[in-house]
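Asker: Need coordinates for the below:
(one chain, ligands or ions: 1)
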Amino acid sequence: MRTTVAIIGAGPAGLLLARLLDEAGIDSVVLESRDRAHVEQRQRAGILEQSTADALRAAGAGARMDREGLPHTGIELRFDRRGHRVDFPSRTGGRSVLVYAQTEVCKDLIALRFRTGGPLLFGARALAVEDADTDRPRVRYRHGGREEVLECSYVAGCDGYWGISRAAVPPALARTYERTWPYAWLGILADAPPSHHELVYARHDRGFALLSMRPPAEGADAPVSRLYLQVPPSTEAASWSDTEIWDELDRRVETDGGRPLERGAITAKAVTPMRSWVHEPMRHGRLFLAGDAAHIVPPTGAKGLNLAVGDVVTLARALVTHRDTGDPAGIDAYSADCLRRVWGAEHFSYAMTDLLHRHPDATPFDDRLRRARLDRIATCAAAETDLAEGYTGVPFP
Ligand SMILES: Cc1cc2nc3c(=O)[nH]c(=O)nc-3n(C[C@H](O)[C@H](O)[C@H](O)COP(=O)(O)OP(=O)(O)OC[C@H]3O[C@@H](n4cnc5c(N)ncnc54)[C@H](O)[C@@H]3O)c2cc1C
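Answerer: Numbers count the residues shown, from 1 in each chain. Next up, the predicted model:
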């Protein structure tokens, strides 16, 4: 088989890139190792920056998102048994975010691809990217029990942290930067109405907690709760009973005069490790890495999916410009352009994670410093603006 762009991975990065190329009349083939149900049901991100929502709308994938997504104009920081609301529009010149699950973004993009686009092969595992630094790269892959070759002009490695694309960058040319965190998140999905109308980020001496939500499922009329607890990295999700989870959430988000959380049946429970990691460069010859294949952020800043979208918007624009004008400047600048945005998001995610979690070795001095920073955000417009701008994200160039 031959195509212009071989896309490895049907997560948000690969699917949106395929859609943007479809719209521009550039043909592509998407290879995805898992089945469709897995991709559509994997619970992950849920906060779309304004630029991400705008990019999905511009790609014709925004209709259901705009009907069902929940616009949020702020978050609450909770510490010392009190809450402080950060208002986004007044601090950012009108920007906000949208709560709409990654599962739904993927469903919308898959439906569009099948309706109007080129091939999207589920159960197609890429094995290797070959000759990435020539003008005829190839992807070897396995599909339906047979080994196949996809010849192409470009390869987009959108295959996440565990993918194979990155291995095509020679080790002598690659550099990785990493920070692992001494804690993880225990995340649950619960059939319970959200206890607060916006997301609540709570710092507590027992550890961090996050009250988040997902829009109502099809046929339902109320949003459901998506809730997280800081836990030790080796935690087994099953080792926490439902009652223990609710009790611990109540303790960590409690405010003076506040009410306990709304409880309900827990329908999903999983532990997510925390990692900050960047692979440089994001391009080698005609191979472009995008999304989690090139960078990971801890989820505290809600940046992973948004970075993936920023990468593929940048890549699609570069490929279209090159096709239309012959100018390779966008392709040449792809890695540097993306990495500027990536490092900004790494910094924001690092700062949010460090501020809101309790390090296992934290001294009383460390705790006081973090509380001082939270006080600063709650009392100083410049500090609050910095957080609001980081959270809502910088506009795509
Ligand atoms: C619990 C959790 C909460 C999160 N919360 C947020 C949030 O609130 N906001 C946010 O912005 N981000 C969040 N993230 C991060 C976000 O989900 C990721 O950054 C996002 O999924 C990245 O998209 P991607 O397309 O780059 O990679 P992925 O979604 O990982 O997609 C990669 C795809 O490639 C496929 N693949 C892998 N190897 C191969 C192969 N060899 N051949 C073919 N296909 C292959 C995989 O099956 C997968 O479908 C969260 C992540 C987790 C785990």
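Asker: Distance of M65 relative to I331?
Answerer: 30 Å (Cβ to Cβ, to the nearest Å). Glycine gets a C-beta too; all of them are placed from N, C-alpha and C.
Asker: out of these two, which sits in the more crowded spot?
Answerer: M65 (20 against 17; other Cβ atoms under 10 Å).
Asker: which residues in the stretch 251-397 of the chain form strands?
Answerer: For the stretch 251-397 of the chain, the strands defined by DSSP state E, counting those that start in this stretch occupy 265-280, 283-284, 287-289, 295-296.
Asker: Each with direction, which strands does the third one pair with?
Answerer: If I follow you right, that is strand 287-289. Here strand 287-289 has these sheet partners by DSSP bridges: strand 154-157 (parallel), strand 283-284 (antiparallel).
Asker: Spell out which residues of the stretch 151-300 of the chain are next to the ligand.
Answerer: Counting by Cβ under 6 Å from any ligand atom, the stretch 151-300 of the chain comes close to the ligand at C158, D159, G160, W162, G163, I164, G187, T272, G291, D292, P299.
Asker: Which single one of these is nearest to L211?
Answerer: Of all these, L211 sits closest to G187, with 11.7 Å by Cβ to Cβ.
Asker: so which helix or strand takes in that closest one?
Answerer: G187 belongs to strand 175-191 when elements are defined using DSSP states H and E.
Asker: Which strands border that strand, and is each parallel or antiparallel?
Answerer: For strand 175-191, pairing defined by DSSP bridges yields strand 224-231 (antiparallel), strand 265-280 (antiparallel).
Asker: Of all pairs in the residues of the stretch 151-300 of the chain next to the ligand, which one spans the longest distance?
Answerer: Farthest pair in these, by Cβ to Cβ: I164 and G187, 27.2 Å.
Asker: For the protein, just list every one of the helices.
Answerer: 12-24, 36-41, 50-58, 63-68, 88-92, 102-116, 242-253, 304-325, 329-356, 364-379, 381-392 (DSSP state H).
Asker: Show which residues not belonging to stretch 346-359 make contact with it.
Answerer: Stretch 346-359 is contacted by residues 179, 181-183, 201-208, 230, 274, 276, 278, 295, 297-301, 303, 366-367, 370, 373-374, 390-391 when judged by Cβ atoms under 8 Å, 6 or more residues apart in numbering.
Asker: same deal with stretch 320-338?
Answerer: With contact meaning Cβ under 8 Å, 6+ apart, stretch 320-338 is reached by 24, 26, 280-283, 288, 290, 294, 310-311, 314-315, 317-319, 397.
Asker: Same question for stretch 387-397.
Answerer: Applying Cβ under 8 Å, 6+ apart, the external contacts of stretch 387-397 come out as 49-52, 55, 75, 86-88, 91-92, 95-97, 301-303, 306, 310, 313-314, 337, 341, 344-345, 348, 351-352, 377.
Asker: same question, stretch 189-196
Answerer: By Cβ under 8 Å, 6+ apart, stretch 189-196 touches 43, 76, 211-214, 222-227, 259, 261-268.
Asker: which parts of that stretch are buried?
Answerer: Going by neighbour count (16 or more other Cβ atoms under 10 Å), the buried part of stretch 189-196 is L189, A190, A192, P194, S195, H196.
Asker: Might you report the residue contacts of R64?
Answerer: Taking Cβ under 8 Å, 6+ apart, one finds E104, D108 in contact with R64.
Asker: Next one: it relative to the ligand, how far apart?
Answerer: Distance of R64 to the ligand, computed by Cβ to the nearest ligand atom, to the nearest Å: 18 Å.
Asker: What pLDDT does the model give that residue?
Answerer: Note for R64: predicted pLDDT of 95.
Asker: Return the distance of it relative to G310.
Answerer: R64 is 22 Å from G310, by Cβ to Cβ.
Asker: ditto for I266
Answerer: 33 Å.
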